[in-house]
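In: Any chance you can model this:
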Amino acid sequence: MKFIHLSHTDLDGYGCQLVTKEYFKDGLFYNANYGLEVKQNIAKIVSFIENNLDQDIFLLITDLNLTLKESRDLDNIITKLNNDGSSIKLQLLDHHLSGEISSQKFEWYYLDTTRCATKIVYEYIVNEYNGFDDFTIKWLEPLVDVINAVDIWLDDDIENFEFGKVCLGLIGKAKEINQLLFPDLNRDYKLFLLKQSTKYINKDKSNILLDNDIHTIKKSFLKLNQIDDTIDNLSAKRLVNSLEYEKNNLTIYYKSYKGLLTFTLGSISIPANEFLRLHVDYDFFMDVGRKGHVSLRANGNLDVSILSSKLCNGGGHKNASGGKFEIFKDNSDYVSVKNFVQNKLNNII
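Out: Numbers count the residues shown, from 1 in each chain. Sure thing, here's the model as predicted:
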């Protein structure tokens, strides 16, 4: 069976995936915020399913309430595939009251507003499957209770609630690895942070102890070797290493010049300069933001002030420029952004 899990992008959403990873181990994992990101991720999942109809598939959606239209569209697709001979189990587990209408119309849409999604998922696996071994229960169940306390705001459960507040920041501020460019690594990072946090639960002043150690915990993941450094330098090195691994997928071209395109990276000066220093076959580095803002860096081979003026009504210096696309649709899909940018580059006279 192929396990596929789409979840939210907050503490509760990643908590759900920590639970399922402990049980299913392997699978395809996706994360989305509401609106466009949900639609685009569901489209990716459906495409995968349609290309793997010979496999039994369990599609789980958690901590996301689908609109009635989204639910109906997904139900129609899965029903048709199953009627044609596929074996696809669809299950949604959520706690947002805004999904009540969908939950009343579709059997696979389970809604319970009294528990957070992480707790619903945990108890679903315990009740529907074999559950967890004693060792896993010992560290996982207390974290589930912590997430439940803070996500549905049980402030009378003081210890879990206060520890949960720290965990909210732990996940919400874990921005060292870009989610849209490196979704799997970003998810691994956040699940690592959550799992490490369980070492502090039930200790005296656990929330303060965890808060004090967050910096060190983050650095322990970001290190590529045993050499310590500032978290900014470790993040930059990890980023350049990730870009090295993905560079073929991120490469764009402008005439005879070769560039690297990132999306929503932000603050690119250090990683861009480091990447261009290490990869002399690349001439420029471009980052595009969610609103269409463009940042460009170069290594002397290409005047990006001229390129930015032609590409996005921008300007600046020869090796550092910027601008903004006048027409740019908000997007969470890197491939769509890359196609948009490459088409623009191809049409520069």
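
In: Which stretches in the stretch 51-200 of the chain count as strands?
Out: 57-62, 88-94, 109-111 (DSSP state E, counting those that start in this stretch).

In: what packs against the first one?
Out: Right, strand 57-62. strand 2-7, helix 11-24, helix 36-50, strand 88-94, helix 117-128 (3 or more Cβ pairs under 8 Å, 6 or more residues apart in numbering; DSSP states H and E). Just so you know, the C-beta spots here come from the backbone N, C-alpha and C atoms, and that holds for glycine as well.

In: how about 10 Å then?
Out: If you count contacts as 3 or more Cβ pairs under 10 Å, 6 or more residues apart in numbering; DSSP states H and E, strand 57-62 packs onto strand 2-7, helix 11-24, strand 28-31, helix 36-50, helix 68-83, strand 88-94, helix 117-128.

In: buried sites along the fourth one?
Out: Of the residues in helix 36-50, those buried by neighbour count under the rule 16 or more other Cβ atoms under 10 Å are E37, V38, K39, Q40, N41, I42, K44, I45, V46, F48, I49.

In: Identify the residues contacting the first one.
Out: Translated: E37. L6, H8, T9, Y30, N31, L64, L180, D330, N331, S332, D333 (Cβ atoms under 10 Å, 6 or more residues apart in numbering).

In: what's the closest of the residues you listed to K80?
Out: Checking the contacts of E37 against K80 with Cβ to Cβ, the nearest one is L6 at 19.5 Å.

In: can you give me the strands in the stretch 201-349 of the chain?
Out: Going by DSSP E, counting those that start in this stretch, the stretch 201-349 of the chain shows strands at 251-254, 257-263, 284-288, 293-298, 315-316, 320-324.

In: Mind splitting the chain into its structural domains?
Out: 2-222, 243-346 (automatic domain parsing).

In: before we move on, back to that, and among the strands of the stretch 201-349 of the chain, the most buried is which?
Out: Of these, the one with the most neighbours on average (mean count of other Cβ atoms under 10 Å) is strand 284-288, at a mean of 25.

In: Could you list the paired strands of that strand along with their orientation?
Out: strand 257-263 (parallel), strand 293-298 (antiparallel) (DSSP bridges).

In: my guess is W153 contacts G164, does it?
Out: Yes: the criterion here is Cβ atoms under 10 Å, and W153 meets it with G164 at 9.4 Å.

In: Name the residues contacting each of these two.
Out: C116.

In: Those two - which one has more neighbours?
Out: G164 (26 against 11; other Cβ atoms under 10 Å).

In: mind checking how far S308 is from K247?
Out: 22 Å (Cβ to Cβ, to the nearest Å).

In: Show me which of those two is the more surrounded one.
Out: Taking other Cβ under 10 Å, S308 and K247 do not tie; S308 has more neighbours (23 against 14).

In: I'd like the distance between the more buried one and Y23.
Out: For S308, the distance to Y23 equals 49 Å [Cβ to Cβ].

In: Over to N331?
Out: Plainly put, N331 is 33 Å away from Y23 if you go by Cβ to Cβ.

In: Please apply the same query to K39.
Out: K39 is 28 Å from Y23, by Cβ to Cβ.

In: thinking again about what came up before, CSV for the helices and strands packed on strand 57-62, including distance to D232 and mean pLDDT?
Out: Listed next are the helices and strands packed on strand 57-62 as CSV, based on distance: least, Cβ to Cβ, whole Å; pLDDT from 0 to 100:
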stretch, distance to D232, mean pLDDT
strand 2-7, 29, 98
helix 11-24, 24, 98
strand 28-31, 25, 98
helix 36-50, 28, 94
helix 68-83, 39, 96
strand 88-94, 37, 98
helix 117-128, 31, 98
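
In: Could you report the distance from the residue nearest to G99 when sequence neighbours are not counted to D303?
Out: If the residues on either side of it in the chain are set aside, G99 comes closest to N65, at 3.2 Å by Cβ to Cβ, 6 or more residues apart in numbering. Distance, N65 to D303, using Cβ to Cβ: 49 Å.

In: So between those two, which is more surrounded?
Out: Shown here are N65 and D303; by other Cβ under 10 Å, N65 has more neighbours (23 against 15).

In: Surely the more buried one and L111 touch.
Out: Yes: the pair N65 / L111 is scored as a contact, 8.0 Å apart, by Cβ under 10 Å.

In: what do the two both touch?
Out: Common neighbours of N65 and L111 (criterion: Cβ under 10 Å, 6+ apart): L92, D94, H95, H96, L97, S98, G99, E100, I101, S102, S103.

In: how about the closest residue to the fourth one other than its chain neighbours, what does it touch?
Out: What it means is H96. The shortest distance from H96 to any non-neighbouring residue, by Cβ to Cβ, 6+ apart, is to N65 (4.0 Å). By Cβ under 10 Å, 6+ apart, the residues touching N65 are 8, 34, 38, 71, 92, 94-103, 109, 111.

In: Right, I'll leave it there.
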